[in-house]
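Chemist: no letters, just coordinates:
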């Protein structure tokens with residue numbers, strides 16, 4: 001699984017990045033997590049409000065920080 005956190009580095013973006021990495025580690029999810037801060041790269045996903053969570057190329061959350069439980073559900077479904 002490929003997970004990308006889209007965001008320029010704001011506190012909400014950092015929070016989403018940290019929570020996602022913790023959930024991947026805690027639940028033993030086989031995934032690569034990368035942080036994308038380049039605004040041009042972020043815009044390629046059609047995201048205009050950050051942070052955003054991309055799983056295997058699909059934007060699953062944008063413009064907000066989901067709860068840890070919501071992230072877990074998105075990554076284990």
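Modeler: Everything's here; your move. Small disclaimer: the values here were computed from a predicted structure and weren't measured.
Chemist: packing partners of the top helix by length along the chain?
Modeler: The helix that spans the most residues within the chain, counting by DSSP state H, is helix 11-26. The contact analysis (3 or more Cβ pairs under 8 Å, 6 or more residues apart in numbering; DSSP states H and E) places helix 11-26 against strand 2-6, strand 32-36, helix 68-76. In short, each C-beta sits where N, CA and C put it, glycine included.
Chemist: and whatever helix or strand residue 54 lives in, what does it pack against?
Modeler: Per DSSP states H and E: residue 54 is located in strand 52-55. Judged by 3+ Cβ pairs under 8 Å, 6+ apart, strand 52-55 is in contact with strand 2-6, strand 58-62, helix 68-76.
Chemist: any idea which of these is most buried?
Modeler: Most buried of these, by mean neighbour count (mean count of other Cβ atoms under 10 Å): strand 2-6, with a mean of 21.
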